[in-house]
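# predicted model and sequence follow; I will ask about them next.
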Amino acid sequence: LFAFLMPFQKDLWACCCLVVGAVTILMWILDRFSPYGFRAEAKNTGEGEGDEFSLPNSLWFATGSILQQGGDNTPRSGSGRVLAASFWLFTLILISTYTANLAAFFTAQNSKSTINSLEDLVAQDVFKYGVQQGGSLFSFFEKSKVRIYKKMFGKMSTLNTFVKGTDEGVNRSRTTPFAYLTDQPSLDYYNQRKPCNTMLVKNLLDAKSYALGLQRNSEWTDGISVAILQLREEGEVERIRYKWWDAMSECNLKDAVVSNQPMSLELHHLAGVFIILGGGAGISLVILLME
């Protein structure tokens, strides 16, 4: 419903509203005290009321300017004209930035390709996909009788998208439209390594766990199984995972997520435009004193 607000963050919208209010008050002050404004002219000539830039009319001027519609009057004094020119430049850059970012939002929404399942991966043509040649997943797809797995293996074989190892698969994902399928712990690790330009889609295949292989009827089987369960119940496994994955991550959550959605602009992105407007306002006050 309010998608048109998405190009700017809330703080930037708030600052834009404050700017309109500040320009309104400042324009009123400049016209009221400048000897070259409408108010001074009306007082000297006795013609008109000199209310072209009263508070309501100044608000109308500022609102019309930021909406690129203009106002009924333009300032007469040099100080007022400097302020108006600065505000018009501010508005030009602001509206141009907003329009470009709004178009990017709607374009991204229309072209967005979301992959949340193997069916999504198979149905699209943007991303190629592959597994490590000779690895466990290679054997899984090669021997599977499930239709979608057979279709995927056939496409991987036709396009020769198999890789020699995880490093190669991850590098292809970083540099080309390529989805690398392998064990989640490995991808969890690489997804938290610089340059932080990958995204991880989990649970595409049936969940599986790592295991230790022992001889049949080994006397160590029960003891090791109980010890592993105990470590999991005590949170030791989760602590180790956090130590070697999360705590050593080179990417924060914002960097690690890759999205087709454009970024909403924040105040610091357009701080220069506000500085230009502030500078123009300062110059206009200096000119007012000179007048």
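Yep, it's here. From a predicted model like this one, the values you see are computed outputs, not experimental measurements.
# and the helix or strand V122 falls within, how far out from the chain middle?
Using DSSP states H and E, V122 sits within helix 118-123. Distance of helix 118-123 from its chain centroid, counting by C-alpha atoms, centre = their mean, to the nearest Å, is 26 Å.
# after it, next one along is what?
Helix 118-123 is succeeded, C-terminally, by strand 128-130 (DSSP H and E).
# domain parsing for this structure?
3-110, 115-210, 212-251 (the TED database).
# tell me the most buried of these?
Neighbour counts (mean count of other C-beta atoms under 10 Å) averaged over each of those peak at domain 3-110, with a mean of 17. Where C-beta positions appear, they are placed from N, C-alpha and C, glycine not excepted.
# what residue ranges in this protein score low on pLDDT?
Applying pLDDT under 70 to the chain flags residues 1, 48, 107-113, 206-209, 253-264.
# for it, which segments count as strands?
128-130, 178-180 (DSSP state E).
# any chance of those in TSV, plus distance to Y242?
Below are the strands of the chain laid out as TSV (distance: least, C-beta to C-beta, whole Å):
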stretch	distance to Y242
strand 128-130	30
strand 178-180	24
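# out of those, nearest to G70?
The closest of the strands of the chain to G70 is strand 178-180. By C-beta to C-beta, the value is 51.9 Å.
# mind giving me the packing neighbours of that closest one?
Under the contact criterion of 3 or more C-beta pairs under 8 Å, 6 or more residues apart in numbering; DSSP states H and E, strand 178-180 touches strand 128-130, helix 166-175.
# try 10 Å this time
strand 128-130, helix 166-175, helix 184-191 (3 or more C-beta pairs under 10 Å, 6 or more residues apart in numbering; DSSP states H and E).
# could you dump those to CSV with distance to Q68?
Output for the helices and strands packed on strand 178-180, formatted as CSV (distance: least, C-beta to C-beta, whole Å):
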stretch, distance to Q68
strand 128-130, 46
helix 166-175, 42
helix 184-191, 44
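# which residues sit in contact with the residue lying closest to R193 once chain neighbours are set aside?
Spatial nearest neighbour of R193, excluding adjacent residues (C-beta to C-beta, 6 or more residues apart in numbering): E250 at 5.4 Å. With contact set as C-beta atoms under 10 Å, 6 or more residues apart in numbering, E250 has these partners: 192-196, 256.
# what about T161, distance to A227?
T161 sits 40 Å away from A227, taking C-beta to C-beta, to the nearest Å as the criterion.
# returning to that earlier point: and of the domains of the chain, who's closest to I287?
Proximity to I287 (C-beta to C-beta) singles out domain 3-110 among these, at 4.0 Å.
# distance between that closest one and the chain's centre?
For domain 3-110, the distance from its own C-alpha centre to the chain's C-alpha centre is 29 Å (C-alpha atoms, centre = their mean).
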